[in-house]
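S.K.: how would this look folded up:
(3 chains)
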Amino acid sequence: MTHLLEVENLEVKFALRFGDLTAIDDISFYLDKKEKLGIVGESGAGKSVTGFAIINLLSKPGYIAGGRIRFEGREINRLSAEALRQIRGNRISMIFQDPMMTLNPVLTIGTQMVETVQAHRRIGKAEARELALEKLRKVYIPSPEKRLDQYPHEMSGGMRQRIVIAIALLTDPALIIADEPTTALDVTIQAGIMELLTELCETEAMGLILITHDLAVVSQVTERIAVMYAGRIIETGYTTDIVTHPRHPYTIGLINSLPGTRQAGSRLEQIPGMMPNLTAIPEGCAFHPRCFLAADQCRRHRPELTAVSGGRHWAACHRLDQTLGHNHLHR
Amino acid sequence: MFAFIVRRVFQAILVMVVIAFIGFSVQHSIGDPVRDMVGERVSLAEREALREQLGLNDPVLAQFGRFCWKALHGDLGTSYFHKRPALDVIVSKAPATLELVFGATVIILSFCFPVGIYTAIQPRAWFSRFVMAVSTIGVAVPVFLTAIVLIYVFGVELQWLPTYGRGVTVNVGGWDTGLLTADGLLHLILPSVSLASIMLPLYIRLIRSEMMEVLETEYIKFAWAKGLSRWRVWLLHAFKNTLLPVITVFGVEIGILFAFTLLTETVFQWQGMGFMFLEAVERSDTALLVAYLVVVGVMFVVINTIVDICYGLINPMVRIAGNP
Amino acid sequence: MRGWQRFKKSYFFYSFRRDPVALTSFTIFFFLVLVSLFAPAIAPHNPYDTSTIDVMDAELPPSWMDGGEERFWLGTDIQGRDLYSTMLYGLRTSVAIGIGAVLFQGILGIVVGLTAGYVGGRVDSLLMRVADIQFSIPYLIVAIITSAIFQLAFGLGRFEQLAMPLLIVIIGISEWPKYARTVRASVLGEKQKEYVEAARVIGLNPARIMYRHILPNTLTPVLVISTIQVAQAVMSEAALSFLGLGMPVTKPSLGSLIKAGFQYVFSGSWWISTFPGILLVTFTLVVILFGDWLRDVLNPKLYKG
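M.R.: Sure thing, here's the model as predicted:
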């Protein structure tokens, strides 16, 4: 069976004055129809870049330096600009981080919705408006007719993110890429938006790539997870496996730093140090300066992803023998 | 908001009083209304009598009051040279200047947007680099040099375009216009182009940098992600956001364009207000000079007040910041 | 000497050396200033010395053209003055007026801006109102009207005698609000910082705080706008002189030279206006380019307006 999306050996670089900088270093993953995948990592790990690379919308100096991206059986990174445009916002929709910045401040909601439909379907304005209303209802926007003639600044952040989701739904895409869809929102409405998004993926039969730094959110929503660190995937597999038996020391650290995994009243764990800057990625395993298990070989050789339990779970670590059962590990 | 407008109008009136006072002091200390009226060949006694009659021996404040009172009724004195009310002279010269400003504005508006947008979306194209280089140099070239070069090339060497005066004008409802005759339009070309040459580079740069900033925003990225066509992203999503700051600046800069008409009119012997003003200075026509000062003062105060109030209506932040 | 060593190692000097535009424009600027300083020594003729001027030499083309003479490299003007020498003297006058005017407006603007920013309250509103109002009228209009008034007040003869100091004052008056606003803005920024608070707490007197502590910190933006202002002032001088409201034709400045040659462009004597014009553009262009670079490197928070 072919996957909905297949990313193979993707490499993204930034062309800078003093040379190219590798932002994404040889990552591969896939997504099946109606499946939900979480890409987790700290800021700067390359997870957002991965999302934008899929639809080839990297910001200026960034470019795809290698690898293949196959979507619905087509290699979309080889497509012409026009063919790619027909996929963007049509078969693959994106939801951005900050709804305050995502919607154009000088155009009405109606304009911004209708144009999206008309960019991909040959239908009239009235029909497009009907479709927009239908999707606005799906995201539980009250009095949608009124909203169509309003400007973004007349609405709250949560409302705007619902509208962004409605825009994403307009063309019944096969895949939604959501880049930190709740990070910029109030904590009180984060859960609501997340719930709405997952519910819609079920009812509309869409695949979802959820990009976030929040392992807790991902573990509640997605079936599979890819953990990224310094431009590479360091652990991937089914959510249940990773959450209950994380094998990479970084993932273990992430899980230990979650509130709720520890006894009430005890201190939260913290991974010492910071993720390296892209200009100074350590040799060997990029995580070794922060790793409690770091050994000599970690400093010299870069570990590759290796299967840890029957082809369902992979981790890139030299010390996998030491990490078994280290879920709530103490140092 | 009402309080803001009242305060702004009050301030404008205050400024007008200050300008009137400057005008009055110039007239009082330099001008000689007696000479303006009767010339030099009148005896001292007669002059003194006339001075008394004109109230020139009254207290200064009383004279200033009279000056303001007359000015409010449109009496800004009589031009020594033209032997006509100074305001009439200025009003008769205004159409020429306004048409020059209009011509330059048309040129600026029709070039700055396409060129500014193009240089923003294709910053690496050779045309963009060329435009940026020319506009950098353009900022350093004074308008009269541009005018001289234009005259030399198109007037003297190629002999394509007239370089002197307004050409044939027709009178439409008291307004002498050159816009309705072919000859008048031909005469307008070189002066408008050279006047436009001051602001055009600045505008292209402004539009370019604003647009480039907008193109980096999240909502533009989202517009791309929605799969919109590039023209829609550029000309609707990006350009509409570029327009707002540009329009704000444009209102103010029209005033600067007006200032530079003085130079353009001199080079092209364009019979407008600026040309008239410089003639007045040469002829020591104080009354006309003072009238010009007051008229220009009123013009700027009115423009600035309107711009400020409009801006205040649009942007509530200004209202707060404007209150010290 | 140690200061120079430190300067050579600074980021400022490093980026200066690496930027070809900054390096070239500063070199040309420096060269032109030197030339104008030593104009009397360099120029082959003295345009002020009427005994060496012969009207028979008038309107000679540059030496490489037909009818040109070896004696006059760039030809002569309508009075028979050597154009090259006259330009050197003219540049000298223009640069002197430019720098003088910038000093004048700078001092005026800094005093007003410091006072307004530091004292605050009513003094601040009053001074800034005045600055705002003048700022809303284009500087060129202010300069033109002021010099027209001066010309009438002094009479043409006295005005021409005093043209140089008067132009410094006129251009200074027309541009001071820019300094006042810039300085005030950075004083307000500095005032909130802790070191000023600390100085006040230990009881230093306000004048001392202002001049010893706040002023040095506002100098970066002042330096940045000063560069551009020199170019602006030189252009203003040229514009005023071109209108007949600045330097008289008998006293060469770049503006008065262009004005003097302007009528003769039509009869084919293009060089009288062209060479001074090129010199003027070169000077203002290098100053603007250097100023732009300075602004990018020092990156002060300039008052936008």
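S.K.: C-alpha only now, for contacts and for neighbours.
M.R.: Noted.
S.K.: next one: A:L268, what pLDDT does it get?
M.R.: Model confidence at A:L268, given as pLDDT, is 67.
S.K.: what does the one 10 residues further on give?
M.R.: The predicted structure scores A:L278 at 78 on the pLDDT scale.
S.K.: pretty sure it contacts A:R232?
M.R.: No - using C-alpha atoms under 8 Å, A:L278 makes no contact with A:R232, being 11.5 Å away.
S.K.: and the two? Which one has more around it.
M.R.: With neighbours defined as other C-alpha atoms under 10 Å in any protein chain shown, A:L278 and A:R232 compare such that A:R232 has more, 25 against 16.
S.K.: and the residue in the stretch 101-250 of chain B positioned nearest to chain A, how far from B:L236?
M.R.: In the stretch 101-250 of chain B, the residue that lies nearest chain A is B:K226 (3.8 Å; C-alpha to the nearest C-alpha). Separation of B:K226 from B:L236 (C-alpha to C-alpha, to the nearest Å) stands at 14 Å.
S.K.: biggest helix in chain C by residues?
M.R.: helix C:83-119 (DSSP state H).
S.K.: surely A:L10 is in a strand?
M.R.: Yes - secondary structure of A:L10 (DSSP: H, G, I helix; E, B strand; the rest coil): part of a strand.
S.K.: not counting sequence-adjacent ones, nearest residue to it?
M.R.: Nearest residue to A:L10, sequence neighbours excluded (C-alpha to C-alpha, 6 or more residues apart in numbering or on different chains): A:G67, at 4.2 Å.
S.K.: the residue of the stretch 101-250 of chain B closest to chain A reaches A:V114, doesn't it?
M.R.: No - taking contacts as C-alpha under 8 Å, B:K226 lies outside contact range of A:V114: 11.1 Å.
S.K.: please identify which of these two sits among more neighbours.
M.R.: It is B:K226, of B:K226 and A:V114, that has more neighbours when counted by other C-alpha under 10 Å, with 29 against 23.
S.K.: and the pLDDT at the more buried one?
M.R.: 91.
S.K.: quick revisit: the longest helix of chain C - contacts with which helices or strands?
M.R.: Other helices and strands packing on helix C:83-119, by 3 or more C-alpha pairs under 8 Å, 6 or more residues apart in numbering or on different chains; DSSP states H and E, are helix C:20-37, helix C:39-42, helix C:121-135, helix C:163-191, helix C:215-242, helix C:254-265, helix C:271-298.
S.K.: name the helices or strands packed onto the helix or strand just after the fourth one?
M.R.: Using DSSP states H and E, the helix or strand that follows helix C:163-191 in sequence is helix C:194-201. In this structure, helix C:194-201 makes packing contacts with no helix or strand, judged by 3+ C-alpha pairs under 8 Å, 6+ apart.
S.K.: could you check how far the closest residue to C:T282 other than its chain neighbours is from C:G75?
M.R.: Spatial nearest neighbour of C:T282, chain neighbours left out: B:A140 (8.0 Å); criterion: C-alpha to C-alpha, 6+ apart. Separation of B:A140 from C:G75 (C-alpha to C-alpha): 25 Å.
S.K.: got it, and A:M94?
M.R.: According to C-alpha to C-alpha, A:M94 and C:G75 sit 70 Å apart.
S.K.: with C:P165 instead?
M.R.: Counting by C-alpha to C-alpha, the gap from C:P165 to C:G75 is 30 Å.
S.K.: who's more crowded, those two?
M.R.: The residue with more neighbours, out of C:P165 and C:G75, is C:G75; 28 against 14, by other C-alpha under 10 Å.
S.K.: what does the stretch 201-324 of chain B have sitting close to chain C?
M.R.: Within reach of chain C by C-alpha under 8 Å from any C-alpha of the partner chain, the stretch 201-324 of chain B has these residues: B:255-256, B:259-260, B:263, B:266, B:278, B:281, B:284, B:293, B:300, B:304, B:324.
S.K.: I'd like to know which of the residues you listed are part of helices.
M.R.: Judged by DSSP H, the subset of those located in helices is B:G255, B:I256, B:A259, B:F260, B:L263, B:T266, B:L278, B:V281, B:L293, B:F300, B:N304.
S.K.: what is the neighbour count of the fifth one?
M.R.: Other residues near B:L263 number 25, with proximity taken as other C-alpha under 10 Å.
S.K.: confirm that A:D26 sits in a strand.
M.R.: Yes - read with three-state DSSP, A:D26 is one of the residues of a strand.
S.K.: burial count for the closest residue to it other than its chain neighbours?
M.R.: Excluding the flanking residues, the one nearest A:D26 by C-alpha to C-alpha, 6+ apart is A:N9, at 4.3 Å. Around A:N9 there are 15 other residues, counting by other C-alpha under 10 Å.
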